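Enquirer: Fold the following.
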Amino acid sequence: MTATVPPELALLALFRSEVAHHTVVLEESLAGLKQNPHMVESLETMKQEVHAIWGGARIVELESIVNLAQATKTSLLALQGNQITLSSVQLDCLTQIIMVFHQLAETAVEEIVTWVKVHQAQMEHLIVTLSDLVTEMLNNLLTVEPLGNSVTPPQPVALSTPVTHSENPIMTDPALLGLFLTEVETHTVILNEGLLALEMNPSATEQLAALMRSAHSIKGAARVVGLEVVIKLAHLLEDCFVAAQQSKLTFVSEHIDVLLHSVDMLTKIAQIVKSGTHQRLTQLNSEIELLTTTLNSILNGDISIPPRPLSVNQSVPATIIAETSPLLTSLPPPAPTLPSPVGTHEHTGFNSTVANVAIKKPLADNDRTVKVTATKIERLMGLAGEIVVSTRWLSPFSESLLTLKKSHIELAHILEKLQENSEQTAVDEQTFFKWIKKAQAKTKECKLFLAEKLNQLEVFTSHTTTHSDHLYHEMIGVRMRPFADSIQGYPRMVRDLARELGKKVHFEVIGKATEVDQDIQEKLEAPLNHLLRNALDHGIELPEERLAIGKAETGHLRLEMGHRSGMLMITVADDGRGIDLEQLRQKIAQKN
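Expert: Numbers count the residues shown, from 1 in each chain. Here you go, the predicted structure:
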């Protein structure tokens, strides 16, 4: 019996073969560039090959390879967009990166994951080196030597007209802007999650490396499009993370406030750039200046940070922090005091609200985009291929039925002969029995042939039914996304609101991998946001109140989700004061 290859190893084997193929093309293109550095068109071929490696690395979840390929792709696009001729130093750096891909392609499938971990530091060094080299080249490109005391404004070489913001040009090339926006969207999520994790556990210094890389990536992407405000802000963030990594700085909650607000500012700037209203950036000058001043104070060891915490806009969706509020704002008025919905009282002492969402009726189909993972697309393509292959069986099967039809015609001819012999007055018994034996033999032949074809048809029907069921469930699964996708903003919202209310809260999410229909996720956003805010505002007590009644000063808030009996069960639980039954009775009496 042949051993079955685990799906993970099969994917890794496919990825390795793809890397080997793309590496050959990369080596040929790089050799052409070394012979003729002015062959900038070769960068397009290299960019496409690196993009293919990047996509494969995402499927097999090799994060270090994804980062290396992304950095290489971004740099190649920047060089291509500015029509820059590579120097020997840049060519050497690209050679080292291609060598990494080549070594990966020669690594045994079972050892790929270990190999990537061992060479992670080398790849991180190459990412930083390549980014710095491209940044230096772009700086040289944007800088013009002064004549006497006059300085000519920077003139970037772009494929489209630049839009000016203050003294700095902003490139409007769609491809470069798209890369910048993608970088900001990806790395601001990492920055938010890393800063929240660092605040909960200041000793988790392993977060600092990822935070530093994300800030550095945003800075590099901003330099490509000429966004000086983002370059400055991201550079200060990177400096803060480097200082913390070198134990020169220890982050406290006030520091995290400013760092998170800086990340929000990066998001807001990216949204303004995406909308095309670059002139609105000037409206953020005062806020950006305040942030940069505060970040410099943190770097200089001055912890006298503005005392008032950031406000949380009640209208901001929990899934994305799209708008940033001013750094210095007063606490918004609390939500109306309403009793929390009655829920089950668990043995852990948590007050919980359980929301059951039936997943039975399909929601209205809207003409809009749906996020689908590469893995699901691969499975759909695999099932489609299997169905196509199985349908090819029908053609020879239908042809084989012609043989059965021919046998039936022969049997009918034999029966006609028997009828003719039986109608004769003088029947030749020998001839008569001869035709009877022929009829019996032909009947048996038809019966066996038909039984064989019926068995084949039954097997085909079984396989087709199985494939159809799999395809149906995979198509349903296309609309399903991990619940984590829709709750990325909740930890930040809980953290900020708790600080505004002067409360200490540990927020826990259970069941992030639970897959839920995307439409249902959108409909759950508002009620979950309301439940979490109610738990923070009305459920969890102030630290001094909790200490007075013998509780830990840090409250616990839990969001849990999972499938049970075809239903999506969501539990929001806290260990706060619970429901005031007397107040609830009074409210009910007043309404009646």
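
Enquirer: Quick check: Ala20 is in a helix.
Expert: Yes: counting by DSSP: H, G, I helix; E, B strand; the rest coil, Ala20 falls inside a helix.

Enquirer: got a list of what it touches?
Expert: Residues in contact with Ala20 (C-beta atoms under 8 Å, 6 or more residues apart in numbering) are 105-106. (Glycine included, C-beta is placed from N, CA and C.)

Enquirer: so what's it scoring on pLDDT?
Expert: At Ala20, the model reports a pLDDT of 88.

Enquirer: my guess is Ile540 meets Val505, correct?
Expert: Yes: under the criterion of C-beta atoms under 8 Å, Ile540 makes contact with Val505 at 6.0 Å.

Enquirer: low pLDDT regions in the stretch 151-300 of the chain?
Expert: Filtered on pLDDT under 70, the stretch 151-300 of the chain yields the residue ranges 151-173, 175, 278-279.

Enquirer: what ranges do the strands span in the stretch 351-500 of the chain?
Expert: Secondary structure of the stretch 351-500 of the chain (DSSP state E, counting those that start in this stretch): strands located at 351-358, 480-482.

Enquirer: lowest-confidence stretch among those strands?
Expert: Among these, strand 351-358 scores lowest, with a mean of 44.

Enquirer: Scan this protein for its longest strand.
Expert: For the chain, the strand reaching the highest residue count under DSSP state E is reported as strand 554-564.

Enquirer: Could you measure from the residue nearest to Glu106 when sequence neighbours are not counted over to Leu401?
Expert: Excluding the flanking residues, the one nearest Glu106 by C-beta to C-beta, 6 or more residues apart in numbering is Ala20, at 7.9 Å. As judged by C-beta to C-beta, to the nearest Å, Ala20 and Leu401 stand 47 Å apart.

Enquirer: Repeat that for Leu196.
Expert: Counting by C-beta to C-beta, the gap from Leu196 to Leu401 is 67 Å.

Enquirer: Out of those two, name the residue with the larger neighbour count.
Expert: Using other C-beta atoms under 10 Å, the more surrounded residue of Leu196 and Leu401 is Leu196, with 18 against 12.

Enquirer: so who does the more buried one touch?
Expert: 256, 491-492, 495.

Enquirer: Apply 7 Å and report the result again.
Expert: With contact set as C-beta atoms under 7 Å, 6 or more residues apart in numbering, Leu196 has these partners: 491-492, 495.

Enquirer: Mind checking which of the residues you listed are buried?
Expert: Buried by 16 or more other C-beta atoms under 10 Å: 491-492, 495, out of the contacts of Leu196.

Enquirer: any chance of these in a markdown table, plus pLDDT and distance to Ile59?
Expert: Formatted as a markdown table, these follow (pLDDT from 0 to 100; distance: C-beta to C-beta, whole Å):
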| residue | pLDDT | distance to Ile59 |
| --- | --- | --- |
| Pro491 | 87 | 27 |
| Arg492 | 86 | 29 |
| Arg495 | 87 | 33 |
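
Enquirer: Switch these over to JSON lines; also include distance to Leu418.
Expert: What follows is these, written out as JSON lines (distance: C-beta to C-beta, whole Å):
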{"residue": "Pro491", "distance to Leu418": "88"}
{"residue": "Arg492", "distance to Leu418": "90"}
{"residue": "Arg495", "distance to Leu418": "94"}
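
Enquirer: ok, these vs Leu284, which is closest?
Expert: Arg492 (20.2 Å; C-beta to C-beta).

Enquirer: Is that closest one in contact with Asn192, as I believe?
Expert: Yes: counting by C-beta atoms under 7 Å, Arg492 does reach Asn192; the two are 5.6 Å apart.

Enquirer: any idea of the mean pLDDT in the longest strand of the chain?
Expert: Strand 554-564 comes out at a mean pLDDT of 90.

Enquirer: Now do the shared contacts for Ile540 and Val505.
Expert: Common neighbours of Ile540 and Val505 (C-beta under 7 Å, 6+ apart) are 555, 557.

Enquirer: quick one: which of the two has more around it?
Expert: Counted by other C-beta under 10 Å, Ile540 and Val505 do not tie: Ile540 has more neighbours, with 25 against 21.

Enquirer: Now do the more buried one, the pLDDT please.
Expert: 89.

Enquirer: residue contacts, it?
Expert: 503, 505, 555, 557, 574, 576.

Enquirer: re the thing from before, got the angle between the next helix or strand after the longest strand of the chain and strand 554-564?
Expert: Under the assignment DSSP states H and E, the closest C-terminal helix or strand after strand 554-564 is strand 567-574. Strand 567-574 runs at 170 degrees relative to strand 554-564, counting by axes from the mean of the first three to the mean of the last three C-alpha atoms, to 10 degrees.

Enquirer: by contact count, what packs against strand 567-574?
Expert: Strand 567-574 sits against strand 351-358, strand 554-564, with contacts defined as 3 or more C-beta pairs under 7 Å, 6 or more residues apart in numbering; DSSP states H and E.

Enquirer: please redo it, this time with the cut-off set to 10 Å
Expert: The contact analysis (3 or more C-beta pairs under 10 Å, 6 or more residues apart in numbering; DSSP states H and E) places strand 567-574 against strand 351-358, strand 504-510, strand 515-517, helix 518-534, strand 554-564.

Enquirer: Buried residues, the last one. List them.
Expert: So that's strand 554-564. 555-561.

Enquirer: May I ask which two of the residues you listed are separated the most?
Expert: Greatest spacing in the buried residues of strand 554-564, by C-beta to C-beta: Gly555 and Met561 (20.4 Å).

Enquirer: Please state the offset of stretch 218-232 from the chain centre?
Expert: Distance of stretch 218-232 from the chain centroid (C-alpha atoms, centre = their mean, to the nearest Å) equals 24 Å.

Enquirer: got the end-to-end distance for that stretch?
Expert: 11 Å (C-alpha to C-alpha, to the nearest Å).

Enquirer: Buried residues, it. List them.
Expert: Applying a neighbour-count criterion of 16+ other C-beta under 10 Å, one finds 218-227, 229-232 buried in stretch 218-232.

Enquirer: Equivalent analysis for stretch 405-420, please.
Expert: 407, 411, 414-415, 418.

Enquirer: so for it, what's the average pLDDT?
Expert: Per-residue scores along stretch 405-420 average to 81.

Enquirer: Can you name the residues in contact with it?
Expert: Residues outside stretch 405-420 that contact it (C-beta atoms under 10 Å, 6 or more residues apart in numbering): 431-432, 434-443, 445-446, 449-450.

Enquirer: closest to Thr277 among the residues you listed?
Expert: Distances from Thr277 to the contacts of stretch 405-420, taken by C-beta to C-beta, are shortest for Leu450, at 74.6 Å.

Enquirer: what about the closest one, how many neighbours?
Expert: Leu450: 14 neighbours (other C-beta under 10 Å).

Enquirer: From Asp257, how far out is Ser42?
Expert: Distance, Ser42 to Asp257, by C-beta to C-beta: 48 Å.

Enquirer: coming back round to it: now list the buried members of the contacts of stretch 405-420.
Expert: Taking 16+ other C-beta under 10 Å as the criterion, what is buried in the contacts of stretch 405-420 is 435, 438-439, 442, 446.

Enquirer: Flag the least confident of those residues.
Expert: Least confident of the buried ones among the contacts of stretch 405-420 in the model: Trp435, at 79.

Enquirer: That residue: what's it in contact with?
Expert: Residues in contact with Trp435 (C-beta under 10 Å, 6+ apart) are 414-422.

Enquirer: switch to 6 Å and redo it
Expert: When contacts are counted by C-beta atoms under 6 Å, 6 or more residues apart in numbering, Trp435 touches 414, 417-418.

Enquirer: Give the residue spans of the stretch 401-550 of the chain that score low on pLDDT.
Expert: Checking the stretch 401-550 of the chain against pLDDT under 70 turns up 424-427.

Enquirer: and Val516, how many residues sit next to it?
Expert: Neighbours of Val516 using other C-beta under 10 Å come to 22.
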